[in-house]
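Asks: Sequence and predicted structure, then a few things I'm wondering about:
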Amino acid sequence: MLEVNIVTEESAQPEVHDVQPQITVDATPAQESQRTSKEEAIEVLKAMQEDVGQMFELEKEEENLVIEFFNSLLKILKPFGKTLEISVSCLPRSLSEQISKAYLHPTGQLVLLHKNGDVRMLNLADRKNHEVLIEISGEIMMKLKSIVESYKSETEKRVKFLLSITKELQKVAKIFAKE
């Protein structure tokens with residue numbers, strides 16, 4: 001039995017009341033026989049064993065994909081000599097509240113500049129940080145696209161300029177070739 005002290009405005013003395021809590025039973029129905037229950041337990045364990053095996057296979061595949069992701073990113077960014085600035089708004093909330101800037105190095109290191117001036121490195125190749133990689137992957141792809149488009153545009157401008165200069169130079173060279 002549970003005792004509850006109630007103090008009212010009329011009396012400064014607490015009144016003691018016995019309160020019986022209401023009991024509610026919400027359970028799964030019992031099985032007809034224990035044999036079915038044991039068989040089901042064995043089947044559940046077998047299914048769980050299969051799930052665990054698949055889980056480890058998937059984790060290994062995830063590790064390989066992350067390694068290949070960063071190998072490819074490194075190859076793409078190497079000619080440009082760049083790291084990618086990542087918008088703080090793309091980071092998970094648990095990180096973004098304390099961060100003022102974030103940069104992704106092509107090797108998979110996320111450099112986090114804290115608002116208080118501290119610098120922290122987060123290795124996105126570590127399994128525990130794969131969710132962060134997933135969160136910022138869209139931003140990474142957009143930044144890569146922007147870098148490639150910018151480089152392409154600069155190259156097109158150089159080619160266009162060199163084409164016109166080379167044509168004029170060829171005309172002058174023809175004049176010298178006639179002599």
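Replies: It's in.

Asks: Name the nearest residue to Leu73, sequence neighbours excluded.
Replies: Leaving aside its chain neighbours, Leu73 sits nearest to Pro106 (4.9 Å; criterion: C-beta to C-beta, 6 or more residues apart in numbering). Heads up, the C-betas are built off the backbone N, CA and C, glycines and all.

Asks: quick one: the strands in this structure?
Replies: For the chain, the strands defined by DSSP state E occupy 2-6, 15-19, 84-86, 99-104, 109-114, 119-123.

Asks: Show me how far stretch 46-61 is from its chain's centre.
Replies: Remark: stretch 46-61 is offset 22 Å from the chain centroid, using C-alpha atoms, centre = their mean, to the nearest Å.

Asks: so how far is Gly117 from the residue nearest the centre of the chain?
Replies: Of all residues in the chain, the one closest to the mean position by C-alpha atoms, centre = their mean is Val132, 2.5 Å from it. When distance is defined by C-beta to C-beta, to the nearest Å, Val132 is 22 Å away from Gly117.

Asks: Then Ser150?
Replies: In this view, Ser150 and Gly117 are 31 Å apart by C-beta to C-beta.

Asks: still on that earlier bit, who's in contact with the residue nearest to the centre of the chain?
Replies: By C-beta atoms under 8 Å, 6 or more residues apart in numbering, the contact list for Val132 reads Leu91, Pro92, Leu95, Leu110, Leu122, Leu124.

Asks: what bits of the chain have low per-residue confidence?
Replies: 1-22, 24-36, 179 (pLDDT under 70).

Asks: how about stretch 95-113: buried residues?
Replies: 95-96, 99, 102, 104-106, 108-113 (16 or more other C-beta atoms under 10 Å).

Asks: Export only the CA atoms of that stretch, formatted as CSV.
Replies: Extracted C-alpha coordinates of stretch 95-113, given in CSV (Å, rounded to 0.1, in the frame of the first residue of the first chain):
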residue,chain,number,x,y,z
LEU,A,95,28.7,18.8,-34.3
SER,A,96,27.4,22.0,-35.9
GLU,A,97,26.4,23.8,-32.7
GLN,A,98,30.1,24.3,-31.7
ILE,A,99,31.7,24.6,-35.2
SER,A,100,32.4,27.7,-37.1
LYS,A,101,34.1,26.2,-40.2
ALA,A,102,34.7,22.7,-41.5
TYR,A,103,37.1,21.4,-44.2
LEU,A,104,37.3,18.0,-45.8
HIS,A,105,40.8,16.8,-46.7
PRO,A,106,40.8,14.3,-49.6
THR,A,107,42.2,11.6,-47.3
GLY,A,108,39.0,11.6,-45.3
GLN,A,109,39.9,13.9,-42.4
LEU,A,110,37.2,16.4,-41.6
VAL,A,111,38.9,19.5,-40.0
LEU,A,112,36.5,21.2,-37.6
LEU,A,113,37.3,24.7,-36.4
